[in-house]
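1. sequence and predicted structure, then a few things I'm wondering about:
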2 protein chains.
Amino acid sequence: MKNYALSFALAILPFSVQAGETPKSPSEILEQSKPNEWREINPDNLLVNTLSDGTQFIVYINDFMPKVHSSNIKKLSNSHWFDKANIVRVQDNYVVQWGREEGTPIPQNVVKQPPAEYIFPSKDYKFKPLKYRDAYASQVGFVNSWAVASDGKDLWLPHCYSTVGVGRDMSPDVGTGQELYVVIGHSPRHLDRNITSVGRIIEGMENLSARKRGSGQMGFYEKDGEKIAFKSVILASQLPENERPKFEILDSNSKSFDAYINARANRGGPFFIKPAGAVDICNSLPPVRKVSK
Amino acid sequence: MKNYALSFALAILPFSVQAGETPKSPSEILEQSKPNEWREINPDNLLVNTLSDGTQFIVYINDFMPKVHSSNIKKLSNSHWFDKANIVRVQDNYVVQWGREEGTPIPQNVVKQPPAEYIFPSKDYKFKPLKYRDAYASQVGFVNSWAVASDGKDLWLPHCYSTVGVGRDMSPDVGTGQELYVVIGHSPRHLDRNITSVGRIIEGMENLSARKRGSGQMGFYEKDGEKIAFKSVILASQLPENERPKFEILDSNSKSFDAYINARANRGGPFFIKPAGAVDICNSLPPVRKVSK
């Protein structure tokens, strides 16, 4: 059984591995990657959320695909609008949602009726395919270190664990960005192309995913004591230089990224006996690392 | 956009839907299903876990595929061995794990070195395919209301959110069943065929998934106060008849099951504008309902 699994693993490895050589683990590949394979994340795309209990989570905003929604979120943040937000909903195996009371006025410069930023023309982006199948899209892959799905004509951002999206009312409403949610369960890909994805949480997921599930329908916090208040929401670029959290993301066009994905698809070492020979897009999110200040 | 989405939806709907008729939602289909499409879950396959804080979770044991491991878990439970277990590990986007201190003696009748129950010959089971792609297996589907994956020759149980598996040491160790875990994040399908899956949690997932993540490496609870003690673990069949929780599962060979999967793959109604036209196996777990006593 073990020998069979091993020879199978070697057969599908696209990189040359000598007999008897243990393939590197995903974390070993990251450790041995070159500094120039990592790109600094622009502090203007890092939304630092601090909750009233002192815990934090950081959203990496995608500013080049859902441009209007991302811009709205930055404007709301710069107006300190989110400082008075609450976590209003925690539904198991689904989402944590936050925002302010419906009807709270929003700043003048926020676009009230943004376009639907659900899909993006493939021709406008440099798409790098992941070579494995996807249950939902004809192809999946990466654009500029963001996971994407594609039908050949259009691209879209898939709903994965840690994906941040824009809450909205019934269609054709697309939401402004004043109500946000994050995925905390198995990836609900049926939301793809139906809601605007604006980013992913790269630090502090556990400060959302481990929250008490709400007592109301769809996990809404119905009782007064249930809601969790925010303390502040600010772009890292608005913090003094020495207080900014700094992150890097592995370039999805780098060699180490290819090796990392390959290692995740073909786990080796003493624990695994049967490499999957594949990995799905939500298990392929480009790795992020914190940089000491 | 909306018209295009709708015509696309109609094109792939295998059921006849009249123009203008709103397709039923997954929950409407369950509500309108017939009583004889549901099967009572054998109380001998329901493991009722009560934690020291009074919360519960219930594991539906698969007793016909990983037979030796399932039998071991029942023996451990019947010997009240698990009553002194602790939750020892909570790793975000991965697993919650529980068991007793390593080296704790186990009852004589527990098989100490079970066979690897990772794969099962396809020819021994009646496999019903799910018609959508899978990133990891050449085919996915159902056997007797359990989600399964397949390479044509063998079947195995996929690691989905809520899947319960048997913790083990390095290969070739396969674990006895005295250390268990449940998936609390995006489905880690690379564990398929590498660990024995023994069931799924059908009630009380939130009493595990919302636990504080562990401070140690891999989410282990390292500090004394972190661990969470169990109070009792008992098979429903061992409880007095009037205290037994009762559950039914929708027969994966029923018409309502087909309609339910179809509705999950092609969400309609006023919220969705673009049905996915597909659903993955971990978003297709056969629905379970509690029956009032």
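-> Received it, and whenever you're ready, just let me know what you need.
2. in the sheet, who's paired with the residue nearest to A:Leu157 when sequence neighbours are not counted?
-> Excluding the flanking residues, the one nearest A:Leu157 by Cβ to Cβ, 6 or more residues apart in numbering or on different chains is A:Ser197, at 3.7 Å. No exception for glycine: its C-beta is placed from N, CA and C like everyone else's. Beta-bridge pairing for A:Ser197 (DSSP bridges): A:Gly165.
3. from B:Arg89, how far off is A:Ser197?
-> Distance, A:Ser197 to B:Arg89, using Cβ to Cβ, to the nearest Å: 31 Å.
4. that older thread, A:Gly103 versus the residue nearest to A:Leu157, what's the distance?
-> Distance, A:Ser197 to A:Gly103, using Cβ to Cβ: 25 Å.
5. who has more neighbours out of these two?
-> Neighbour count, other Cβ atoms under 10 Å in any protein chain shown: between A:Ser197 and A:Gly103, A:Ser197 has more, with 27 against 5.
6. helix, strand or coil for the residue nearest the centre of chain A?
-> Geometric centre of chain A, nearest residue: A:Arg200, 2.7 Å, by Cα atoms, centre = their mean. At A:Arg200 the chain is in strand, as set by DSSP: H, G, I helix; E, B strand; the rest coil.
7. so which strand or helix has A:Tyr60?
-> In this assignment (DSSP states H and E), A:Tyr60 forms part of strand A:56-61.
8. only the C-alpha atoms, please, for the helix or strand containing A:Gly141, written as PDB.
-> For A:Gly141, the host element (DSSP H and E) is strand A:139-143. In PDB, the C-alpha atoms belonging to strand A:139-143 read as follows (Å, rounded to 0.1, in the frame of the first residue of the first chain):
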ATOM      1  CA  GLN A 139     -11.200  26.800 -14.800                       C
ATOM      2  CA  VAL A 140      -9.700  28.200 -11.700                       C
ATOM      3  CA  GLY A 141      -6.400  30.000 -11.100                       C
ATOM      4  CA  PHE A 142      -4.800  33.200 -10.100                       C
ATOM      5  CA  VAL A 143      -4.600  36.900 -11.100                       C
END
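9. helices and strands around the next helix-or-strand element following it, which ones?
-> Following strand A:139-143 in sequence order, the next helix or strand is strand A:146-150 (DSSP H and E). Judged by 3 or more Cβ pairs under 8 Å, 6 or more residues apart in numbering or on different chains; DSSP states H and E, strand A:146-150 is in contact with strand A:139-143, strand A:154-156.
10. with mean pLDDT, mean neighbour count and distance to A:Pro115 added, can I get the ones you listed in a markdown table?
-> Shown next, in a markdown table, are those (pLDDT from 0 to 100; neighbours: other Cβ atoms under 10 Å in any protein chain shown; distance: least, Cβ to Cβ, whole Å):
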| stretch | mean pLDDT | mean neighbour count | distance to A:Pro115 |
| --- | --- | --- | --- |
| strand A:139-143 | 98 | 22 | 19 |
| strand A:154-156 | 98 | 21 | 14 |
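11. which one of those strands lies closest to A:Leu285?
-> The closest of these to A:Leu285 is strand A:139-143. By Cβ to Cβ, the value is 9.5 Å.
12. direction included, what does that closest one pair against?
-> Paired neighbours of strand A:139-143 in the sheet (DSSP bridges): strand A:128-129 (antiparallel), strand A:146-150 (antiparallel).
13. hmm, who's touching stretch A:226-235?
-> Stretch A:226-235 is contacted from outside by A:43-54, A:74, A:77-78, A:80, A:82-88, A:98, A:211-212, A:214-215, A:221, using Cβ atoms under 8 Å, 6 or more residues apart in numbering or on different chains.
14. can you tell me the closest non-neighbouring residue to the residue nearest to the centre of chain A?
-> Excluding the flanking residues, the one nearest A:Arg200 by Cβ to Cβ, 6+ apart is A:Ser162, at 4.9 Å.
15. show me what A:Trp98 is bridged to.
-> Note on A:Trp98: beta-bridge partners A:Ile87, A:Leu180, judged by DSSP bridges.
16. ok, it - contacts?
-> Contacts for A:Trp98 (Cβ under 8 Å, 6+ apart) come out as A:Ala85, A:Asn86, A:Ile87, A:Val88, A:Glu179, A:Leu180, A:Tyr181, A:Phe230.
17. next one, pLDDT for the fourth one please.
-> Predicted confidence (pLDDT) for A:Val88: 97.
18. check contacts around it.
-> Contacts of A:Val88 by Cβ under 8 Å, 6+ apart are A:Gln97, A:Trp98, A:Gly99, A:Phe220, A:Tyr221, A:Lys227.
19. just the buried members of those residues?
-> A:Gln97, A:Trp98, A:Gly99, A:Tyr221, A:Lys227 (16 or more other Cβ atoms under 10 Å in any protein chain shown).
20. and the furthest pair within those residues?
-> A:Gly99 and A:Tyr221 (12.0 Å).
21. what do those two both touch?
-> Listed as contacting both A:Gly99 and A:Tyr221 by Cβ under 8 Å, 6+ apart are A:Asn86, A:Val88.
22. quick one: neighbours of the closest residue to chain B within the stretch 1-150 of chain A, just the number.
-> Per Cβ to the nearest Cβ, A:Ala135 is where the stretch 1-150 of chain A lies closest to chain B, at 3.8 Å. By the criterion of other Cβ under 10 Å, A:Ala135 has 25 neighbours.
23. by neighbours, which of the contacts of A:Trp98 wins?
-> In terms of neighbours by other Cβ under 10 Å, those top out with A:Leu180 at 26 neighbours.
24. related to what we said a few turns ago, got a list of contacts for the strand holding A:Gly141?
-> With Cβ under 8 Å, 6+ apart, strand A:139-143 has contacts from A:65, A:125-130, A:132, A:134, A:147-152, A:155, A:158, A:252, A:280-281, A:284, A:286.
25. out of those residues, which end up buried?
-> Buried among those by 16+ other Cβ under 10 Å: A:65, A:125, A:127, A:130, A:132, A:134, A:147-150, A:155, A:158, A:252, A:280-281, A:284, A:286.
26. residues in contact with A:Cys81?
-> Quick fix: residue A:81 reads Trp, not Cys. A:Arg100, A:Thr104, A:Ile106, A:Pro107, A:Gln178.
27. per-residue pLDDT of the last one, please?
-> It stands for A:Gln178. 97.
28. stretch A:261-268 close to chain B?
-> Yes: between stretch A:261-268 and chain B, judged by Cβ under 8 Å from any Cβ of the partner chain, the touching residues are A:Arg264, A:Ala265, A:Arg267.
29. now the second one, nearest residue through space, not along the chain?
-> Okay, so that is A:Ala265. The shortest distance from A:Ala265 to any non-neighbouring residue, by Cβ to Cβ, 6+ apart, is to A:Val279 (4.2 Å).
30. report the contact partners of the one you found.
-> Taking Cβ under 8 Å, 6+ apart, we find A:Val279 in contact with A:Leu130, A:Tyr132, A:Ile261, A:Arg264, A:Ala265, B:Ala135, B:His190.
31. would you map the strands across the stretch 1-150 of chain A?
-> A:38-40, A:46-51, A:56-61, A:86-90, A:95-99, A:120-121, A:128-129, A:139-143, A:146-150 (DSSP state E, counting those that start in this stretch).
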